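K.L.:
Give the three-dimensional model of this entry:
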Amino acid sequence: MNLFLVNLSIADFTMAGLGAPASLIAAALGVWPFGSTGCIVYAFGMSLAGNVEIYCHLSVYKTLPVKYIYMCSSVYIPIPVSVSGEVV
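P.N.:
Okay, here's the model as predicted:
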């Protein structure tokens, strides 16, 4: 479980640290200043980080054996669970 969360945080920081500044610079200038190679590298990096993030989210939610979400106020919310134990 910790490995999933580490991968998720790395993907988040990659998208925030590399994607946001490049997009901000391009938006401020009105053109893409990094050339065609920079465009390809940027697109590949953001696609990869986005896919890693999505798959980590799916993995975490699929492997959590939790039937109730426990909140700080000691109130629990029942989640519909099928007969096989999967969250519906």
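K.L.:
all helices of this protein, in order?
P.N.:
2-14, 20-29, 35-63 (DSSP state H).
K.L.:
got those as JSON lines, with mean pLDDT and mean neighbour count columns?
P.N.:
C-beta coordinates here come from the backbone N, C-alpha and C atoms, glycine included. Formatted as JSON lines, the helices of the chain follow (pLDDT from 0 to 100; neighbours: other Cβ atoms under 10 Å):
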{"stretch": "helix 2-14", "mean pLDDT": "77", "mean neighbour count": "14"}
{"stretch": "helix 20-29", "mean pLDDT": "91", "mean neighbour count": "12"}
{"stretch": "helix 35-63", "mean pLDDT": "83", "mean neighbour count": "13"}
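K.L.:
Wait, L18 touches G45, no?
P.N.:
Yes. L18 is within contact range of G45, at 6.1 Å (criterion: Cβ atoms under 8 Å).
K.L.:
backbone phi and psi for P33, please?
P.N.:
Torsion angles at P33 (phi, psi; degrees, to the nearest 10) stand at phi -90, psi 0.
K.L.:
could you list every residue that touches it?
P.N.:
By Cβ atoms under 8 Å, 6 or more residues apart in numbering, the contact list for P33 reads 25-26.
K.L.:
Please report how far it lies from A27.
P.N.:
11 Å (Cβ to Cβ, to the nearest Å).
K.L.:
again with M46
P.N.:
Distance from M46 to A27, by Cβ to Cβ: 15 Å.
K.L.:
Equivalent analysis for L5, please.
P.N.:
L5 is 31 Å from A27, by Cβ to Cβ.
K.L.:
Also S36?
P.N.:
Look at S36 and A27: by Cβ to Cβ, they are 19 Å apart.
K.L.:
what's the answer for I40, then?
P.N.:
19 Å.
K.L.:
Repeat that for L18.
P.N.:
Distance from L18 to A27, counting by Cβ to Cβ: 15 Å.
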